[in-house]
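1. just coords:
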């Protein structure tokens, strides 16, 4: 099952799902939540987490900022990167 297919299975219960979108770049799909207006704020989660980590703080920020919360590669609903792009110094 692809990351997008996984997303479709849970989208109706995922926090802030209405702000979610998928971006394809260089053969990988990235799940990103974008909401609010104003200066950009980028929220990055730690290992084993996803954009859902910010469900509590995002509504507090969106009146003042455009909040961008991506799922990092291989986490949440973003696809894994191929092995050749998953090492230090990979381009």
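-> Sure, I can see it. Keep in mind the model is a prediction, meaning the values are calculated, not measured. Residues are numbered from 1 along each chain as shown.

2. what separates the closest residue to residue 52 other than its chain neighbours from residue 71, distance-wise?
-> Nearest residue to residue 52 in three dimensions, chain neighbours excluded: residue 15, at 5.0 Å (CB to CB, 6 or more residues apart in numbering). Using the backbone N, CA and C atoms, a C-beta is placed for each residue, glycine as well. Noted for residue 15: a distance of 12 Å to residue 71, by CB to CB, to the nearest Å.

3. Which of these two has more residues huddled nearby?
-> Taking other CB atoms under 10 Å, residue 15 and residue 71 do not tie; residue 71 has more neighbours (25 against 15).

4. That one is in contact with residue 78, isn't it?
-> Yes - the pair residue 71 / residue 78 is scored as a contact, 4.1 Å apart, by CB atoms under 8 Å.

5. Find residues that contact each of the two.
-> 30, 31 (CB atoms under 8 Å, 6 or more residues apart in numbering).

6. ok so, going back, what helix or strand is the residue nearest to residue 52 on?
-> For residue 15, there is no enclosing helix or strand under DSSP states H and E.

7. Distance check, residue 39 against residue 67.
-> 10 Å.

8. can you confirm residue 59 is in a helix?
-> Yes - using DSSP: H, G, I helix; E, B strand; the rest coil, the assignment for residue 59 is a helix.

9. let's number from 708 now, not from 1
-> New numbering, starting at 708: the last item is residue 766.

10. before we move on, the earlier item: looking at residue 746 and residue 774, which one has more neighbours?
-> Using other CB under 10 Å as the criterion, residue 746 and residue 774 rank with residue 774 on top: 25 against 8.

11. who's in contact with the more buried one?
-> By CB under 8 Å, 6+ apart, the contact list for residue 774 reads 740, 741, 742, 743, 748, 750, 761, 765, 768.
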